[in-house]
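Engineer: Fold the following for me, if possible:
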Amino acid sequence: MAEEEAPKKAEKDRSERWLLTYADLITLLLIFFIILYVMGKQDAAKFQAMANQLNKAFKGTSHVVGRSPGPGIRGGGRPGSGGPGSGEPTAEDVKREVQEIAKQQGLGNDVSVTVDSRGTVITLKEKVLFGSGRADLSDRARTALDSIGAVLAQKPGSFIRVEGHTDNVPIAGRYPSNWELSSARAASVVRLMVSDLGMDASHFAVAGFGDTQPVTSNDTPEGRAANRRIEIVITDKAFRPAPASR
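Structural biologist: I've put the predicted structure just below:
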């Protein structure tokens, strides 16, 4: 008796196989757009700080090794000190970056950076930030402070005191005196950096000096304009002593 021929296996229908590839593509596109959305919601200052660090890592550093090593060179410095091995920008780094921001945004001589006994001092003239007699930040001010905040975010161990200064012309309107105006202006800057940029509120202080600390004479319009300013003072010293242990 002849052996029966084994039944042939039915061939699989492959006509719908393209659907699997299509579904995979749609899934990958969805994940891609979700990532873009999440990145778009990230804090602008933190994102800029990360971008700056990546830029430095890929471009290297022009500093002399041993004095100010780049991100990949670690020395024995104290973390948070801003010195060798800390990974944080030095006072000169901050000065250079802020000056570059001022140049890019067309602020010219309206923004300056100095280093004195208080620390690193970023000075912004009134016209960059506020209207006359007001403490509301302008759109131009927010753009400048967003960029400066990205630089300051690279120094999380520092303490920042924002000082408001005015000229000696008596004020009339919302604020009863230049004391209140200078304090409100300094507070507006701190509020933006803490609320909008997500910086650590415990590392900030507000000071209003009114017209008591002019940088030049108030006898001329140019002098009064120079005295109306905000100073952002960056220091490594805490504003108050730690509470005594019990």
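Engineer: looking at it, L137 is touching S195, isn't it?
Structural biologist: No: counting by Cβ atoms under 8 Å, L137 sits too far from S195 to count as a contact (11.7 Å). Quick note: C-beta positions are derived from backbone N, CA and C, even for glycine.
Engineer: These two - which one has more neighbours?
Structural biologist: Applying other Cβ atoms under 10 Å to L137 and S195 shows that L137 carries more neighbours, namely 21 against 10.
Engineer: how far away is the more buried one from L36?
Structural biologist: 29 Å (Cβ to Cβ, to the nearest Å).
Engineer: Over to R161?
Structural biologist: Distance, R161 to L36, using Cβ to Cβ: 38 Å.
Engineer: What ranges does the chain have for its helices?
Structural biologist: 18-40, 44-59, 91-104, 126-129, 139-152, 178-191, 221-227 (DSSP state H).
Engineer: got the contact list for the nearest residue to D211 once chain neighbours are set aside?
Structural biologist: Distances taken as Cβ to Cβ, 6 or more residues apart in numbering place N168 nearest to D211, at 4.1 Å, with adjacent residues excluded. Going by Cβ atoms under 8 Å, 6 or more residues apart in numbering, N168 touches 178, 211, 214, 218, 224, 227.
Engineer: what number of residues lie near the fifth one?
Structural biologist: Neighbours of R224 under the rule other Cβ under 10 Å: 19.
Engineer: my guess is it meets H165, correct?
Structural biologist: No: look at R224 against H165 with Cβ under 8 Å: they stay out of range, at 11.0 Å.
Engineer: Which secondary structure element of the chain has the lowest mean pLDDT?
Structural biologist: One helix or strand of the chain scores below all others by mean pLDDT, DSSP states H and E: helix 44-59, with a mean of 54.
Engineer: where are the low-confidence patches of the protein?
Structural biologist: 1-15, 39-87, 240-246 (pLDDT under 70).
Engineer: ok, F159 touching D200?
Structural biologist: No: assessed by Cβ under 8 Å, F159 is found out of contact with D200, at 9.5 Å.
Engineer: of these two, who's got more company?
Structural biologist: More crowded of F159 and D200, by other Cβ under 10 Å: F159, with 19 against 14.
Engineer: so what's that one up against?
Structural biologist: 203-205, 234-239.
Engineer: so what's it bridging to?
Structural biologist: T235 (DSSP bridges).
Engineer: With E231 instead?
Structural biologist: Beta-bridge pairing of E231 under DSSP bridges involves T123, E163.
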